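> predicted model follows, preceded by the sequence.
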Amino acid sequence: MAFQNHNAGNGQATLARMLNSSLRVSEVKLTAGNAHLILLAAGHAQIIRESETIALPAPGLAWLPAGLTGRLRLEAGSRASLLSASEIGLAHAMPAGTSAITLRNGLQRVLTETLAERDHAELAGYLETIAAENLRPTAATETIITNLLSVALIRICQHATAEISAVSLPSSMTERFVLLVAQYKRNHWSVDDYAHHLGISRDRLGSIIKNATGLSPQAYIHRELLAEARELLLNSSLQVAEIAFRLGFQDPGYFNRFFTRKEGRSPGRFRRAAIRAQDIPPHSYAAWP
């Protein structure tokens, strides 16, 4: 049995389903446009990518951030649940404030982790509820799914943060950089400005941030600007030009080019897609392959 491809772009930003491979191997294609959470309750499963095969622990979880693709293979007799979230769904579920910085950092990497039975049951319960809401949507469905996804992301991030903190790095320097970016990204400081303020060389700063986050300092700064731009587009009534000025872009046209280059679509198209995702009645769960 081979499960067909699916995504969270059919009117629902977050979808969940239960996977039971009974008598033979089954596969699910994981699309690059969505992030995926796989919970393996029993049996054996692998995420198969072009360059590697990742074995999943049981009971345990695997997190695949958006932008990565592959296939989930379940051996006969395995039981799992799968959550697929679009970038819009993730943006809605992100908490406000500085905690979002840690959360985004933690969720930028592939993660596999063995879970205690209690922790697995907690996350599995969230996915079961989301799947039920997909099947029988009500006026409260969007709020329920967003809140459950937010808690699930925080739980996943707790494992990712533990993994990051195990790396031998001057974490205080990383934390200072993160706080400076939160404070001055709208001023469009250069990487040299941050390095000078921190009292280290540009190359040293690049090494520290790359090891801690997987990103160069410039890429990290751009990611934070993009995240705030998404937040304002999704949750404010500001015009695109007003958002550009709020984020420190003197030329709205340059902001449009920046956002389009990073996001793959213009700010206006991103906002319209979000509105359609909220307004179009969700498809029947039964119709989701």
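Yep, that arrived. Numbering: from 1, shown residues only.
> list the residues that contact residue 43.
By Cβ atoms under 8 Å, 6 or more residues apart in numbering, the contact set of residue 43 is 21, 58, 74, 75, 76, 77, 78, 79, 80. (Glycine included, C-beta is placed from N, CA and C.)
> can you redo those residues as TSV with secondary structure?
As requested, those are exported to TSV (DSSP: H, G, I helix; E, B strand; the rest coil):
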residue	secondary structure
21	coil
58	coil
74	strand
75	coil
76	coil
77	coil
78	coil
79	strand
80	strand
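> so which of the residues you listed comes closest to residue 50?
residue 74 (19.7 Å; Cβ to Cβ).
> that closest one and residue 18: what is the separation?
As for residue 74, its distance to residue 18 is 12 Å (criterion: Cβ to Cβ, to the nearest Å).
> next one: residue 50
Per Cβ to Cβ, residue 50 is found 28 Å from residue 18.
> same question, residue 86
For residue 86, the distance to residue 18 equals 20 Å [Cβ to Cβ].
> higher neighbour count, the two?
Higher neighbour count among residue 86 and residue 18: residue 86, with 24 against 14, using other Cβ atoms under 10 Å.
> you'd agree that one is up against residue 36?
No. Look at residue 86 against residue 36 with Cβ atoms under 8 Å: they stay out of range, at 11.0 Å.
> hmm, back to that, farthest pair within the contacts of residue 43?
58 and 76 (13.9 Å).
> who has more neighbours out of those two?
Set residue 58 next to residue 76 and count neighbours by other Cβ under 10 Å: residue 58 wins out with 18 against 13.
> packing partners for the longest helix anywhere in the chain?
If you go by DSSP state H, the chain has its longest helix at helix 141-165. Contacts defined by 3 or more Cβ pairs under 8 Å, 6 or more residues apart in numbering; DSSP states H and E place helix 141-165 against strand 14-20, strand 60-64, strand 79-85, helix 87-93, helix 99-106, strand 111-114, helix 117-135.
> tell me which of the ones you listed is the most buried.
Highest mean neighbour count among those (mean count of other Cβ atoms under 10 Å): strand 79-85, with a mean of 25.
> just checking: what are the partner strands of it?
Strand 79-85 has the following sheet partners, assigned by DSSP bridges: strand 14-20 (antiparallel), strand 35-42 (antiparallel).
> switch those strands over to a markdown table; also include distance to residue 264.
Converted to a markdown table, the strands paired with strand 79-85 look like this (distance: least, Cβ to Cβ, whole Å):
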| stretch | distance to residue 264 |
| --- | --- |
| strand 14-20 | 20 |
| strand 35-42 | 15 |
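> would you format those strands as a markdown table with mean pLDDT included?
Listed next are the strands paired with strand 79-85 as a markdown table, based on pLDDT from 0 to 100:
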| stretch | mean pLDDT |
| --- | --- |
| strand 14-20 | 90 |
| strand 35-42 | 93 |
